[in-house]
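K.L.:
Pasted the sequence and its predicted model underneath.
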Amino acid sequence: MSWEPTLAHYLILSAAVFTIGMVGVLVRRNAIILFMSIELMLNSVNLSFIAFARYRVDLDGHIFAFFIMAVAAAEAAVALAIVLHVFRHKRGIEVDEMQELKH
């Protein structure tokens, strides 16, 4: 007897991961944790797209997930550059202290 997860299982997992990411964005003030939480939210959306694509037996969800992964990679690169720049000048990466990026 084998058990196979249903669409509802994937969506519940996706909602849980999205909620964890959203709580991380709203509660934490560290820039690294903030970007990790955004990545969690993007990955939960990817999970939903892939689950719906599997349920509907088409490739649309896979294509959307691929583009989201590309955007997430670009976002991570830009975010890391911004965090390194701010850390060099402010010696901290707290979001509340980053009101301005002027020199």
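P.N.:
Received it, and whenever you're ready, just let me know what you need. Numbering: from 1, shown residues only.
K.L.:
quick one, what contacts Asp58?
P.N.:
By C-beta atoms under 8 Å, 6 or more residues apart in numbering, the contact set of Asp58 is empty. The C-beta positions use only the backbone N, C-alpha and C, and glycine is treated the same way.
K.L.:
per-residue confidence for it?
P.N.:
For Asp58, the model assigns a pLDDT of 90.
K.L.:
Which strand or helix spans it?
P.N.:
Applying DSSP states H and E as the criterion places Asp58 outside every helix and strand.
K.L.:
What separation do you get for it and Leu13?
P.N.:
Distance of Asp58 to Leu13, given as C-beta to C-beta, to the nearest Å: 21 Å.
K.L.:
where does the protein dip in pLDDT?
P.N.:
1, 92-103 (pLDDT under 70).
K.L.:
okay, which residue is most central for it?
P.N.:
Nearest residue to the geometric centre of the chain (C-alpha atoms, centre = their mean): Glu39, 1.9 Å.
K.L.:
Break down this protein into its helices, ranges please.
P.N.:
Counting by DSSP state H, the chain has these helices, from start to end: 7-27, 31-56, 60-90.
K.L.:
Could you figure out how far the last one is turned away from helix 31-56?
P.N.:
Meaning helix 60-90. 180 degrees (axes from the mean of the first three to the mean of the last three C-alpha atoms, to 10 degrees).
K.L.:
for helix 60-90, packing partners?
P.N.:
helix 31-56 (3 or more C-beta pairs under 8 Å, 6 or more residues apart in numbering; DSSP states H and E).
K.L.:
now, of the helices of the chain, which is deepest in the fold?
P.N.:
Greatest average neighbour count among those goes to helix 31-56 (a mean of 18), per mean count of other C-beta atoms under 10 Å.
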